[in-house]
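Colleague: Quick one: sequence plus predicted model below, questions after.
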Amino acid sequence: MTGELELVVAEAEELFRDLRLGAVRRWKEETGGLAVGYMPIYVPLELFHAQGVMPVGIFGGGDQLEIIRGDAYYQSYICHIPRSTIELGLNGAFDCLDGMVFPAICDVVRNLSGMWKLQFPDRLVRYLDVPQNFDPEVGGRFYRAELESLAAELAARGAASYDASRLRESIAVYNELRGRVRDLYDLRRREPWKVPTHELYVLLRASVVQPVEASIRLLDRYREAALAADERRPMDQARVLVTGSFCEQPPLGLIRTLERSGCYVVDDDFVQIHRWMECDLPTGGDPLASLVDAFLADSVASPVRYIGEETKGRALLERVERSGAEGVLFCAPSFCDPALLDQPMIVAAVEAAGIPWTAFKYAENNGQFQVIREQAGTFSDSIKLWSD
Ligand code: SF4
């Protein structure tokens, strides 16, 4: 790696590995503002920003955390992210957060929001119920009311009051961030050897634990350095789309393993929040309506949205087509209901289209990848040897 590229990736990795959220602490010292954590997958980041609140993505403890107390809160047959999140809450890693928002993803997160309320009664704890009815007159009105009440709760905790013109400005800032992320995804699609996924991934993880403006600068520096890295040459790897990893994130070692086993990841759903909306949001008009409309009409076909099976199968096939993927890796956290319940329907669509696929599961704290390496390596070889 060249100097600047190495530097940017190291900076991002440091932010990603900092479970005590040093960048958030520094921002709070400098600004005196509120910081509020949120669980994956989607929350309206623009609204927090417009009220002077730093939204902080909480994506679990990964493979760096020993779970001591977290296990006592959960039965054994559920995913890992709630255990590590509660562990981090109890060990003080999140004491810089003034609150937590739990978006409606699944029962596990709903349950975690209740536990958080009991454990941290003095902090803001908000369950954000997002609509599962996409009619503007039903789900739209409901979601708008949710956003208004979230804005009021933030203001009651000391954030700035809701202001439409500030929200329009914040939407413009997040459009910039979304644009930068989209550009990097496009570049990786075209020339995956220039943007290895393990680098893109740490940049995305860094982007949720520091101010948005700093994230935009980091992504710009990375793009420039990656484009200038002439020493990176294409290799004979299979192009794969990875799906199922939208909430609990795979360990970085797993992503590296996929790449080392002969796969170029050309699309994925890691840290999906900056790609949750497929288009930029309007920066004029009623900004709350823009957030609502975008959520209803432009959100990705995620397993946590109650939309038709055919829509999800079709959306995945479109992504395969767009990314030029030669195969699909279903890579979901163990016990993740939304991912694993959708998988048979999506597999049916992929099989009907004659696209090679394979599946495996992980936990965020896995440390051994030999079996996955063999499976992904065999998959990649079979694509290279026998695909059209
Ligand atoms: S990993 Fe899956 S089951 Fe676990 S909290 Fe996330 S969406 Fe829910």
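Modeller: Good, I have the coordinates.

Colleague: Please point out which parts of the longest helix anywhere in the chain sit buried.
Modeller: The longest helix of the chain (DSSP state H) is helix 164-190. Neighbour counts over helix 164-190 (16 or more other CB atoms under 10 Å) mark 166-168, 170-178, 180-181, 184-185, 187-189 as buried. C-beta coordinates here come from the backbone N, C-alpha and C atoms, glycine included.

Colleague: Beyond that helix, next helix or strand please.
Modeller: helix 197-206 (DSSP states H and E).

Colleague: tell me the mean pLDDT over the helix or strand that comes right after that following helix?
Modeller: From helix 197-206 onward toward the C-terminus, using DSSP H and E, the following helix or strand is helix 212-228. Helix 212-228 comes out with an average pLDDT of 98.

Colleague: Could you do stretch 369-382 as well?
Modeller: Stretch 369-382 comes out at a mean pLDDT of 96.

Colleague: ok, and for it, which residues are buried?
Modeller: 369, 372-373, 375-377, 379-380.

Colleague: Same question for stretch 223-231.
Modeller: So for stretch 223-231, counting by 16+ other CB under 10 Å, buried means 223, 225-226, 229.

Colleague: could I get those as JSON lines with distance to the ligand?
Modeller: Below are those laid out as JSON lines (distance: CB to the nearest ligand atom, whole Å):
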{"residue": "223", "distance to the ligand": "30"}
{"residue": "225", "distance to the ligand": "33"}
{"residue": "226", "distance to the ligand": "30"}
{"residue": "229", "distance to the ligand": "34"}
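
Colleague: export those residues to JSON lines and tack on distance to residue 115?
Modeller: What follows is the buried residues of stretch 223-231, written out as JSON lines (distance: CB to CB, whole Å):
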{"residue": "223", "distance to residue 115": "40"}
{"residue": "225", "distance to residue 115": "42"}
{"residue": "226", "distance to residue 115": "41"}
{"residue": "229", "distance to residue 115": "45"}
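
Colleague: Among those, which pair sits farthest apart?
Modeller: Largest separation among the buried residues of stretch 223-231 by CB to CB: 223 and 229, giving 10.9 Å.

Colleague: Checking residue 265 next. Helix, strand or coil?
Modeller: strand (DSSP: H, G, I helix; E, B strand; the rest coil).

Colleague: pLDDT value on it, please?
Modeller: 98.

Colleague: can you list contacts of stretch 114-134?
Modeller: With CB atoms under 8 Å, 6 or more residues apart in numbering as the test, stretch 114-134 has contacts from 36, 42-43, 73, 86, 89-90, 97-104, 110, 113, 138-140, 142-143, 146, 150, 153-154, 157, 295-297, 305-307.

Colleague: hmm, which of the residues you listed are the buried ones?
Modeller: 36, 42-43, 73, 86, 89-90, 97-104, 113, 139-140, 142-143, 146, 150, 153-154, 157, 295-296, 305.

Colleague: Go through the residues you listed and flag which are in strands.
Modeller: Among the buried ones among the contacts of stretch 114-134, the ones falling in strands (DSSP state E) are 36, 99-103.

Colleague: Pick out the most distant pair among these.
Modeller: Longest span within these, CB to CB: 99 and 103, 13.4 Å.

Colleague: quick one on the thing from earlier: and the longest helix of the chain, what other elements does it pack with?
Modeller: helix 45-50, helix 197-206, helix 212-228, strand 263-267, helix 287-298 (3 or more CB pairs under 8 Å, 6 or more residues apart in numbering; DSSP states H and E).

Colleague: tally of neighbours for the residue in the stretch 151-300 of the chain that the ligand sits nearest to?
Modeller: Per CB to the nearest ligand atom, residue 247 is where the stretch 151-300 of the chain lies closest to the ligand, at 3.0 Å. Around residue 247 sit 27 other residues, with neighbours defined as other CB atoms under 10 Å.

Colleague: Give me the three-state assignment for it.
Modeller: coil.

Colleague: ok, the spatially closest residue to it that is not a sequence neighbour to residue 84 distance?
Modeller: Once flanking residues are discounted, residue 247 sits nearest to residue 40: 4.6 Å by CB to CB, 6 or more residues apart in numbering. Distance of residue 40 to residue 84, computed by CB to CB, to the nearest Å: 13 Å.

Colleague: So the two - more neighbours on which side?
Modeller: residue 84 (28 against 23).

Colleague: What residues does the more buried one make contact with?
Modeller: Counted by CB under 8 Å, 6+ apart, residue 84 has contacts 60-62, 65, 67, 70, 364-365.

Colleague: and if we set it to 10 Å?
Modeller: 19, 58-67, 70-71, 93, 248, 363-365 (CB atoms under 10 Å, 6 or more residues apart in numbering).

Colleague: for it, helix, strand, or coil?
Modeller: helix.

Colleague: And the pLDDT for it?
Modeller: For residue 84, the predicted pLDDT is 97.

Colleague: Tell me, what's the model's pLDDT at the closest residue to it other than its chain neighbours?
Modeller: What sits nearest to residue 84 in space, not counting adjacent residues and going by CB to CB, 6+ apart, is residue 61, at 3.2 Å. What the model reports for residue 61 is a pLDDT of 95.

Colleague: what are the phi and psi angles of residue 61?
Modeller: phi -100, psi 0 (degrees, to the nearest 10).

Colleague: Could you list the low-pLDDT ranges of the stretch 1-150 of the chain?
Modeller: 1-2 (pLDDT under 70).

Colleague: mind listing the helices for it?
Modeller: With DSSP state H, counting those that start in this stretch applied, the stretch 1-150 of the chain shows helices at 3-17, 22-31, 45-50, 81-90, 107-119, 141-156, listed in chain order.

Colleague: closest to residue 197 out of the ones you listed?
Modeller: That would be helix 3-17 among the helices of the stretch 1-150 of the chain, by CB to CB, at 12.2 Å.
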